[in-house]
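[1] Generate a structure from the sequence data that follows.
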Amino acid sequence: MAESGGRRIGVAVDFSDCSKKALSWAIDNVVRDGDHLILITIAHDMHYEEGEMQLWETVGSPYIPLSEFSDAAVMKKYAVKPDAQTLDILNTASREKSITVVMKIYWGDPREKICAAAEQIPLSSLVMGNRGLGGLKRMIMGSVSNHVVNNVACPVTVVKGHI
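    Take a look at the predicted model:
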């Protein structure tokens with residue numbers, strides 16, 4: 001992906017309102033003509049043949065172009081279901097800006113997999129949402145955004161879900 005020029009802007013998406021806000025913010029404030037917008041999503045289940053599963057568990061799925069991840073039949077095999085609003089945001093951005101939009105799916109712990117994606121792709125910058133968990137939930141579950149901010153080399157922007 002790096003050969004074709006442009007920055008690689010990653011956005012961590014789980015199709016929640018919070019991640020849609022981060023995606024919109026990235027498109028409005030970070031992404032510019034010639035960039036690659038790479039959606040990084042973490043799926044829960046893997047329904048694939050053993051060989052592919054083992055490979056993809058480590059390196060994630062191949063890059064999936066916007067035209068393919070807009071197709072529900074294609075996405076069913078990855079066990080990921082992008083919602084209509086996210087697809088609309090992306091289709092509009094790809095029409096209005098000269099950008100390449102792709103998705104890369106990982107399976108496993110979101111904290112670890114988002115960090116791995118930032119390094120493996122490698123990303124020029126990462127944008128992600130923050131659900132604003134309360135103190136107790138954050139202490140028990142850990143904050144994904146906090147972990148990522150403290151463990152990746154590229155710049156990270158956290159877009160707050162609630163202000």
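[2] From here on, just use CA atoms for contacts and neighbour counts.
    Noted.
[3] Tally up the residues packed near residue 60, please.
    Residues lying near residue 60 (other Cα atoms under 10 Å) number 23.
[4] Surely it touches residue 107?
    Yes - look at residue 60 against residue 107 with Cα atoms under 8 Å: they come within range, at 7.0 Å.
[5] Beyond the one helix or strand in the chain whose mean pLDDT sits lowest, next helix or strand please.
    One helix or strand of the chain scores below all others by mean pLDDT, DSSP states H and E: helix 135-141, with a mean of 52. As assigned by DSSP states H and E, the chain's next helix or strand after helix 135-141 is helix 144-151.
[6] Helix, strand or coil: sort out the residue most central in space within the chain for me.
    Centroid-nearest residue in the chain, with Cα atoms, centre = their mean: residue 40, separated by 2.1 Å. Secondary structure for residue 40, judged by DSSP: H, G, I helix; E, B strand; the rest coil, is strand.
[7] Surely it and residue 114 touch.
    Yes - here residue 40 reaches residue 114: they are 7.2 Å apart, a contact under Cα under 8 Å.
[8] now the helices for this structure?
    Secondary structure of the chain (DSSP state H): helices at 17-29, 50-59, 66-69, 72-76, 84-96, 110-120, 135-141, 144-151.
[9] Quick one: list the elements packing against the third one.
    Using 3 or more Cα pairs under 8 Å, 6 or more residues apart in numbering; DSSP states H and E as the contact test, the elements touching helix 66-69 are helix 72-76, strand 100-107.
[10] Partner strands of the last one and their direction?
    In this case it means strand 100-107. Take DSSP bridges as the rule and strand 100-107 pairs in its sheet with strand 36-43 (parallel), strand 64-65 (antiparallel).
[11] which one of the ones you listed is the most hemmed in?
    Mean neighbours per residue, mean count of other Cα atoms under 10 Å, is largest over these for strand 36-43, with a mean of 23.
[12] Export only the CA atoms of that strand, formatted as PDB.
    Provided in PDB are the C-alpha atoms of strand 36-43 (Å, rounded to 0.1, in the frame of the first residue of the first chain):
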ATOM      1  CA  HIS A  36      -5.500   6.000   2.100                       C
ATOM      2  CA  LEU A  37      -8.300   5.700   4.700                       C
ATOM      3  CA  ILE A  38      -7.900   2.400   6.400                       C
ATOM      4  CA  LEU A  39     -10.700   1.200   8.600                       C
ATOM      5  CA  ILE A  40      -9.500  -1.200  11.300                       C
ATOM      6  CA  THR A  41     -12.100  -3.300  12.800                       C
ATOM      7  CA  ILE A  42     -11.900  -6.200  15.300                       C
ATOM      8  CA  ALA A  43     -14.300  -9.100  14.700                       C
END
